[in-house]
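>>> quick check, what structure comes out for this input:
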Amino acid sequence: MRLMIDMSRLCKNGSITIWSMRLLEGLRLNEHINKKDIILVCSTDIYSSVKEKYPEFKTIIPFERKGFIWKNRITTIHSIFMWRHLSRTFAPDAILSTNPTSFMLLVKSPVITTIFHDLKDLKTYTGLSYWNVRFVFLVALLKSKRIIAISNFVKKDILRVYPFVSNRRIEVIYNSINIPKSNWKRKILPFDYILYVSTLLKYKNLLTLLKAFYAIKDKINHKLVIIGRESPYWRDILLPYIVENHMEGRIIHVAEHISDEALAAYYQGASLFVHPSLHEGFGYTPIEAAMFEIPVLTNKSTALYETTMGLLNYYEPAADSNALAEKIISVLQNPPSRIELHNIAERYKCQYDVIKQAEMIYKQSTPPHTRI
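Predicted coordinates:
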C-alpha cells in the first residue's frame, strides 16, 4: 500500500507541522506499517529536518523538476497541475493531506483523506481572504473521500458550515501528544512563575491574561513567562499594554525558538500553566502542560473542555479577566494534589498516545484491501 502524505505547505515550528511530526513518529514506531511505502511530500522549510529525522520514509520536495524548485511562490494553478503530476508519477493508493487544500483538484487517487484542524479562519478572515479560505475548504471537502476532524467540536463546525457533508464521512481522531524529556538538574528560572506557551495572536486571548495578571500582581510573587514568537499583535497591542502598566519587570517574554528540552524545563518549573484561548480545534498545550504534572488553568470554550476531558481547572467567561484573576489566585492557593496531577497526566498519555493515534489515522486514510 503506497500512502502519500502531503506536508508541502508546512512551515517550521507551526502547529500543523508539530501535528505532522507526531504522526510520523507514531508511524515510525508502529512495527506493523511498511515504512517503504510511505512518501512524504515536504515543503522546502521542513524537508531537511524531516529527511534527517525520518530516514525510513521516502521524502521529496514538491514542484521540483530538472533541478528547479518553485518554493513557496508558486501559483495555485501550478500547484494543481504539479499535484496531478506527482500523483501520476508515484501512483499512490491513497493521499493524506495534513490540512485542507485546493491543490488536489485534478488528482485521481482512489482515496484522498483530509485533516481538518479547525475552521477558525472563517471567523477571523474578511473580504477576499475569507472567500478564498471558504473555497479551499469546499474543494477539500468535495475531493476528500474521507475527512478526519481532530475533535467533535471541529466535526460539528464542519457540518454546520457545510451541511451537504455527510456525518458518516467525518471521523474524529484526536491529536497525539508526546512530551519532550528534560535533563535539567535545577529549575530553569530562579523564581516562581506562571507560564503561557502558544502563538501571540488575538484569538489566543492573551490580553485577558495580561489584564488578570495586572489585577493580582501585588497579591502574588510570581512572574508571568510568555513563550511565543513575536507577532504584530504582540508589538502593537500586548507590549504597549505591558509598558503602560509598568509590568516589564514582572513579565518575561521568550521569543526565540527553544529546544524541546528547554521547553520541558519551563513546563516542569511552572507553578501554574494558563491557556485562555478563545478558539481551539484541539488545544494541545494545556494537555502537554498537564502531562508534566503541573496545575493547568484554561476555559471551556470551543474544543478545550472536550479535549481536556474536564480534568483541569476552568474559568468562565473566557474573555473575563476578573474571573481569570480570581481563578489564578484560587489555584495557586489550593493546587491539586501530586496524586491528582499524576493521575491526570497518565490519563492524557493513554488517550493521546502517538502510536495509537497514528495507527487510527493510517487505517482511516488507506483502503482496507491495500494495507500491509
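>>> what packs against the helix or strand containing Lys51?
Counting by DSSP states H and E, the element that carries Lys51 is helix 47-53. Judged by 3 or more CB pairs under 8 Å, 6 or more residues apart in numbering; DSSP states H and E, the packing partners of helix 47-53 are helix 15-29, strand 38-42, strand 58-60. The way it works is simple: take the backbone N, C-alpha and C, and place the C-beta from them, glycine included.
>>> redo these as a markdown table? Include distance to Ser231.
As requested, these are exported to a markdown table (distance: least, CB to CB, whole Å):
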| stretch | distance to Ser231 |
| --- | --- |
| helix 15-29 | 14 |
| strand 38-42 | 25 |
| strand 58-60 | 30 |
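>>> right, and the ones you listed - which one's nearest Phe191?
helix 15-29 (28.6 Å; CB to CB).
>>> dump the C-alpha coordinates for the helix holding Lys51 into CSV.
Once non-C-alpha atoms are left out, helix 47-53 reads as follows in CSV (Å, rounded to 0.1, in the frame of the first residue of the first chain):
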residue,chain,number,x,y,z
TYR,A,47,12.4,19.0,4.0
SER,A,48,15.9,18.7,5.5
SER,A,49,14.8,18.1,9.1
VAL,A,50,12.2,15.6,8.1
LYS,A,51,14.6,13.7,5.9
GLU,A,52,17.2,13.6,8.7
LYS,A,53,14.8,12.6,11.5
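>>> show me the protein divided up by domain.
Domain segmentation of the chain under automatic domain parsing yields 3-176+353-370, 193-351.
>>> ok, of those, where does mean pLDDT dip lowest?
Among the domains of the chain, domain 3-176+353-370 has the lowest mean pLDDT, at a mean of 88.
>>> neighbours of Gly127, how many?
Residues lying near Gly127 (other CB atoms under 10 Å) number 7.
>>> distance check, it against Tyr162.
20 Å (CB to CB, to the nearest Å).
>>> also Asn313?
Taken as CB to CB, the span from Asn313 to Tyr162 is 35 Å.
>>> those two - which one has more neighbours?
Legend: neighbour count by other CB under 10 Å for Asn313 and Tyr162, higher for Asn313 (21 against 14).
>>> who's in contact with the more buried one?
Asn313 is in contact with Pro295, Val296, Leu297, Thr298, Lys327, Ser330, Val331, Pro336, counting by CB atoms under 8 Å, 6 or more residues apart in numbering.
>>> tell me which element Met4 is part of?
strand 3-7.
>>> can you list the buried residues in stretch 165-174?
For stretch 165-174, the neighbour count (16 or more other CB atoms under 10 Å) marks Val165, Ile170, Glu171, Val172, Ile173, Tyr174 as buried.
>>> before we move on, what about stretch 317-330?
Ala318, Asp320, Ser321, Ala323, Leu324, Ala325, Lys327, Ile328.
>>> who's the residue lying closest to Ile115 once chain neighbours are set aside bridged to?
Nearest residue to Ile115, sequence neighbours excluded (CB to CB, 6 or more residues apart in numbering): Ile148, at 5.0 Å. In this entry, Ile148 is beta-bridged to Ile115, Glu171, by DSSP bridges.
>>> wait, what's in contact with the closest residue to Arg229 other than its chain neighbours?
In space, and not counting its chain neighbours, Arg229 is closest to Ala255: 5.9 Å by CB to CB, 6+ apart. Counting by CB under 8 Å, 6+ apart, Ala255 touches Gly228, Arg229, Glu230.
>>> equivalent analysis for His117, please.
His117 touches Ser15, Ile16, Trp19, Asn99, Ile150, Val154, Gly281, Phe282, counting by CB under 8 Å, 6+ apart.
>>> just the buried ones out of those, please.
Buried residues within the contacts of His117, defined by neighbour count using 16+ other CB under 10 Å: Ser15, Trp19, Asn99, Ile150, Val154, Gly281, Phe282.
>>> ok, Asn178 to Lys51 distance?
With CB to CB as the criterion, Asn178 and Lys51 are 20 Å apart.
>>> out of the buried residues of stretch 165-174, the closest to Val41 would be?
Taking CB to CB as the measure, Val41 sits nearest to Ile173 out of the buried residues of stretch 165-174, at 20.8 Å.
>>> dihedrals phi and psi, the closest one?
Dihedral pair for Ile173: phi -130, psi 110, per degrees, to the nearest 10.
>>> now the closest residue to Ile188 other than its chain neighbours: how far from Pro180?
Once flanking residues are discounted, Ile188 sits nearest to Ala265: 4.0 Å by CB to CB, 6+ apart. Per CB to CB, Ala265 is found 9 Å from Pro180.
>>> of those two, who's got more company?
Legend: neighbour count by other CB under 10 Å for Ala265 and Pro180, higher for Ala265 (22 against 14).
>>> is the more buried one in contact with Trp184, as I believe?
Yes: with contacts defined as CB atoms under 8 Å, Ala265 counts as touching Trp184 at a distance of 4.2 Å.
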